[in-house]
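1. build me a model from this:
(chains A and B)
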Amino acid sequence: MSQLKENHGNFTWVLSALNAMIDESMYHMQTFAHTLKVHHNDKAAKVFFLACEQFRTEQEIVVKHAQNTDLPMIPPWKTPYPEYQHPSSLLIHADYLMTESEAWKIISAMIEIHNGFYDFLLKKNRIDKVVSLVDQLVKYNEQCGTKNEEEEIMAEAKQSERQKDLDLPAIESFKSVFQ
Amino acid sequence: MRDLSQEVLTAKDYLSDVHPIWCPGCGHFFVLRALTKALAWLKIPNEQIGLISGIGCSSRIPAYIDAYGFHGLHGRALPLAAGLKAARPDMHVIVAGGDGDGYSIGGNHFLHACRRNMNMTYIVMDNEVYGMTKGQPSPTTEPDWEAKLAPHGTGIRTFNPLGIALASGASFIARGFAGDQDGLTKLIVDAIEHEGFSLVEVKTPCVTFRPEEKEWQKTMRRMNIEPTADSVEAAQMIHGSDGLDTGIFYQAKTPVYQPKSTEEKSISDFEKEFEV
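-> Next up is the predicted model:
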């Protein structure tokens, strides 16, 4: 029932659809960052807050192109293209105890959702304004992707260091007492 | 009433400054988002919304929305809402709660709210468990679900809210999925616009006490049901469904209950009526 809008050649429609998609990601990141913080997972919360800043910059790129144009109101249930996956769908995998690297993985997947729309737009039309905007967004996301990947690797390294510090045989024997 | 027809409203305009604190991954976050997007799309002035809830995780929702709200007693959200609608028929009354609140403790109110068919929307966030009290089975929990607080399962057949709503007289019956943000937003828009009692049953995973419900992301069918105004056809769809279909199962124009008079009365007016 979510209907496809065939307006990919309309620059203001593209701006509005991009703005809505990034806004969704930003809202969910921010909301989940707060709830992770409340549930005492400061490390994952910090990752989500950082991602929120990245999405804010991504949105600023779009808004800059809109300047003083009134963006069309797209019904919130209309999907921008057939294979579109809503950014919020990834957050079902968040949980209280998620690690920093798990949080980074969700961010990377969310960036991939954005890239999916950008790829679609590049394939779908040759309007200079759209191509130039999408190129900027793709470049920005590439930079973020590289930076985030480094952060994820560092987080994983820290995590395995922490696991080394644990006395696993002692934990196992402790568990067996209760089994 | 404010005229917002020319204003550009966004979901943010309907959020309060209180951040939701449901468990990370909880489906209720997505219901909140869908509701605020629906309100923004419909441009309903904040002061014209009355959001009533009962008790439970989902019933926290009035705190997160910038509108009139009432976090009521367990299971009693619907009678509160009926009172509000009777006194203020101009307001958009939205009721929100969970499966335990609405179908167990509030089960009787649910039947009569459907029967009365007052113009209001009831959003039930159904996660098939009592989450706030740490995971007891609810009326929609499968009989063989075993957990620490239900070691042998309940052995009791599940409650079918859509079937009950249809039999009791609700004029709009829908099921949505929290993981289908677009579909759910559309369902809520349609439910609020509907004249009469609209039930939107939302399957929303409880990732803490029922982590297996994350599978709904793969198994729920997105908006595959087409609405009908034929109650027999609707009954067949509802009872033939395995619970994973979403969309509007039934929508019909049926008489909407309204109090005969909305004229204001003072206490002395009432006292006069009882004078012997």
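
2. which stretches in chain B count as strands?
-> Applying DSSP state E to chain B gives strands spanning B:49-53, B:68-71, B:92-98, B:120-126, B:172-177, B:197-203, B:247-251.

3. make TSV from these and add mean neighbour count and distance to A:Lys105 to it.
-> Quick note: C-beta positions are derived from backbone N, CA and C, even for glycine. Formatted as TSV, the strands of chain B follow (neighbours: other Cβ atoms under 10 Å in any protein chain shown; distance: least, Cβ to Cβ, whole Å):
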stretch	mean neighbour count	distance to A:Lys105
strand B:49-53	25	34
strand B:68-71	17	36
strand B:92-98	28	30
strand B:120-126	27	27
strand B:172-177	28	24
strand B:197-203	27	25
strand B:247-251	23	32
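
4. in a markdown table, list these along with mean pLDDT.
-> Formatted as a markdown table, the strands of chain B follow (pLDDT from 0 to 100):
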| stretch | mean pLDDT |
| --- | --- |
| strand B:49-53 | 98 |
| strand B:68-71 | 97 |
| strand B:92-98 | 98 |
| strand B:120-126 | 98 |
| strand B:172-177 | 98 |
| strand B:197-203 | 98 |
| strand B:247-251 | 98 |
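
5. so which of the ones you listed comes closest to B:Ile267?
-> Shortest distance between B:Ile267 and the strands of chain B, using Cβ to Cβ, is found for strand B:68-71: 22.7 Å.

6. okay, now the sheet partners of the closest one, with direction.
-> Each strand paired with strand B:68-71, and its direction, by DSSP bridges: strand B:49-53 (parallel).

7. ok, and what's touching the strand it pairs with?
-> Strand B:49-53 has contacts (Cβ atoms under 8 Å, 6 or more residues apart in numbering or on different chains) with B:39, B:59-62, B:65, B:67-72, B:77, B:80-81, B:84-85, B:88, B:91-97, B:101.

8. at 7 Å instead, please
-> Where contact means Cβ atoms under 7 Å, 6 or more residues apart in numbering or on different chains, the residues beyond strand B:49-53 that reach it are B:39, B:59, B:61-62, B:65, B:67-72, B:77, B:80-81, B:84, B:91-97.

9. what distance separates that strand from the centre of its chain?
-> Mean-position distance between strand B:49-53 and its chain equals 11 Å (Cα atoms, centre = their mean, to the nearest Å).

10. could you pull up the residues touching residue 9?
-> You didn't say which chain, so I picked chain A. A:125, A:127.

11. meant chain B actually
-> B:Leu9 touches B:40, B:43, counting by Cβ under 7 Å, 6+ apart.

12. phi, psi for the residue nearest the centre of chain A please.
-> Nearest residue to the geometric centre of chain A (Cα atoms, centre = their mean): A:Met110, 3.1 Å. Backbone torsions of A:Met110, given as degrees, to the nearest 10, read phi -70, psi -40.

13. ok, and the closest non-adjacent residue to B:Pro62?
-> Closest residue in space to B:Pro62, ignoring its immediate chain neighbours: B:Gly69 at 2.8 Å, by Cβ to Cβ, 6 or more residues apart in numbering or on different chains.

14. for A:Phe49, phi and psi?
-> phi -60, psi -40.

15. mind checking the SS state of the spatially closest residue to it that is not a sequence neighbour?
-> Distances taken as Cβ to Cβ, 6+ apart put A:Ala33 closest to A:Phe49, at 4.6 Å, once the chain neighbours are dropped. Assigned by DSSP: H, G, I helix; E, B strand; the rest coil, the conformation of A:Ala33 is helix.

16. what is the neighbour count of A:Ala33?
-> 23 (other Cβ atoms under 10 Å in any protein chain shown).

17. list the contacts of the nearest residue to B:Asn46 once chain neighbours are set aside.
-> Among residues not flanking B:Asn46 along the chain, B:Ala67 sits closest, at 4.9 Å (Cβ to Cβ, 6+ apart). Applying Cβ under 7 Å, 6+ apart, we find B:Ala67 in contact with B:14, B:46, B:49, B:51.

18. chain A: which of these is nearest?
-> Nearest to chain A out of those is B:Tyr14 (Cβ to the nearest Cβ; 12.1 Å).

19. do you know the pLDDT at that closest one?
-> With respect to pLDDT, B:Tyr14 has a value of 98.

20. that one: neighbour count?
-> Residues near B:Tyr14, counting by other Cβ under 10 Å: 22.
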